[in-house]
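Colleague: give me coordinates for this.
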Amino acid sequence: MTSTDTLPAASSLKIDKHALTVQLFGEPLTSTMNKYTRENVRQDLDASGVILMLAHGLGFSGIQNENVFVRSPERLTIWDYAEAFAELYKSGLLGQLDPKKHKVVLCGHSVGSVAVVLATSFFNPSSRLPFSSLILVDPPIWSKKWHGKDNEFYKMVEQMTPTRRDIWMNRREASEWLQSKIARAWDKRVFAKYVEHGVRLLPTAFYPDRQGATLTTHRLAESFCYGKAAKFFVYEALDRLNQICAYVPVHLVYGNRNDMFDREPQNSLVNVEDGRSFASIRRIGGVGHLIPQEKPAELAEEIFGILYAQELKPSFKL
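Modeller: Numbering: from 1, shown residues only. The predicted structure is shown next:
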């Protein structure tokens with residue numbers, strides 16, 4: 001690994017693609033991931049550094065697993081996503097790790113934050129986790145007393161997701177529609193990548209007789225993130241936080257605007273009596289739930305600040 005005092009530009013990153021199989025519930029699923037390292041820099045195994053394992057909010061190798069999902073859209077659970085991170089750590093793809101030098105940080109947004117918390121369940125006891133810290137970005141996790149008390153904005157998204165439009169004449173029409181409906185406040189670079197990887201050409205396993213363009217992750221698979229079962233997984237993550245906060249620093253990063261989730265449920269996540277004491281709580285101004293999409297640079301600065309507060313120097317990320 002190589003340590004650095006500056007953040008590399010995206011164009012200077014080398015990307016290696018990997019895939020692992022998870023089989024927590026019997027039927028195997030493929031989990032794909034990218035490894036980012038700096039171009040033309042010798043990997044010094046004696047250098048200290050940090051490995052960021054990033055869990056995005058939605059999507060789980062949708063194309064590779066679509067034949068499974070078309071038979072059973074509810075097949076994917078947050079636990080599959082969590083297992084993927086545990087398997088990645090155990091796979092050897094992170095290289096030869098020296099716990100004293102090489103810090104592994106789990107960082108997740110939205111449902112991805114639930115996944116990284118649950119990923120720690122594959123390593124016990126809680127006092128000997130192999131991760132140096134967790135960073136949870138706008139996590140949908142709160143006290144159980146708020147069960148069933150979703151706000152109106154969340155209910156609207158939950159109702160619209162399984163029926164929203166997901167077929168267009170071509171990628172251009174898809175891009176224009178998505179830009180006008182959901183991405184008006186997004187960072188242009190993020191939206192360009194979203195269209196590049198989140199829109200694909202028809203036909204697909206879900207739409208074998210259609211032409212045009214559609215979403216890479218089918219709307220039914222996405223809608224299960226809002227279902228009743230998913231909410232119980234959230235409470236499993238809550239219980240896990242009760243167990244691990246005493247042993248590993250857990251940082252919270254929220255948007256300062258409350259849209260998907262109200263402030264009171266968010267505040268209820270902190271409960272010292274139950275064991276949920278957090279290393280830091282930060283809020284980014286001018287944004288709600290979609291922090292990575294709307295304020296990626298500001299989010300990067302917050303994550304960078306968290307890492308440096310722990311005297312860690314970034315090396316590469318997965």
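Colleague: residues near the closest residue to Leu106 other than its chain neighbours, how many?
Modeller: Once flanking residues are discounted, Leu106 sits nearest to Val116: 3.9 Å by Cβ to Cβ, 6 or more residues apart in numbering. All C-beta spots, glycine's among them, are computed from the backbone N, C-alpha and C. Residues near Val116, counting by other Cβ atoms under 10 Å, number 26.
Colleague: again with Lys144
Modeller: Residues lying near Lys144 (other Cβ under 10 Å) number 10.
Colleague: for it, grab phi and psi.
Modeller: The phi and psi values for Lys144, taken as degrees, to the nearest 10, are phi -60, psi -20.
Colleague: try Ser180
Modeller: Here is the backbone geometry of Ser180 (degrees, to the nearest 10): phi -80, psi -30.
Colleague: and it, what does it touch?
Modeller: Residues counted as contacts of Ser180 (Cβ atoms under 8 Å, 6 or more residues apart in numbering): none.
Colleague: what stretches of the stretch 1-150 of the chain score poorly on pLDDT?
Modeller: 1-11, 41-46, 57-60 (pLDDT under 70).
Colleague: need the strands for the stretch 51-200 of the chain, in chain order.
Modeller: 102-109, 133-137, 167-168, 199-201 (DSSP state E, counting those that start in this stretch).
Colleague: the third one pairs with which strands, and in what direction?
Modeller: As defined by DSSP bridges, the strand partners of strand 167-168 come to strand 213-215 (antiparallel).
Colleague: list of residues touching the strand it pairs with?
Modeller: By Cβ under 8 Å, 6+ apart, the residues outside strand 213-215 that reach it are 166-171, 173-174, 198-202, 204, 206-207, 222.
Colleague: now the buried members of those residues.
Modeller: By neighbour count, with 16 or more other Cβ atoms under 10 Å, the contacts of strand 213-215 hold 166, 168, 174, 198-200, 202, 204, 206, 222 as buried.
Colleague: and of those, the nearest to Ala47?
Modeller: Each of the buried ones among the contacts of strand 213-215 was checked against Ala47 using Cβ to Cβ; the closest is Gly198, at 35.5 Å.
Colleague: correct me, but that closest one touches Thr217?
Modeller: Yes. Using Cβ atoms under 8 Å, Gly198 makes contact with Thr217 at a distance of 7.2 Å.
Colleague: find the nearest non-adjacent residue to Gln310, please.
Modeller: Using Cβ to Cβ, 6+ apart and skipping residues adjacent in sequence, the residue nearest Gln310 is Ser133, 6.5 Å away.
Colleague: thought that neighbour was touching Ile303?
Modeller: No. Ser133 lies out of contact with Ile303 (Cβ under 8 Å); the separation is 10.6 Å.
Colleague: from Phe191, how far out is Asn34?
Modeller: According to Cβ to Cβ, to the nearest Å, Asn34 and Phe191 sit 19 Å apart.
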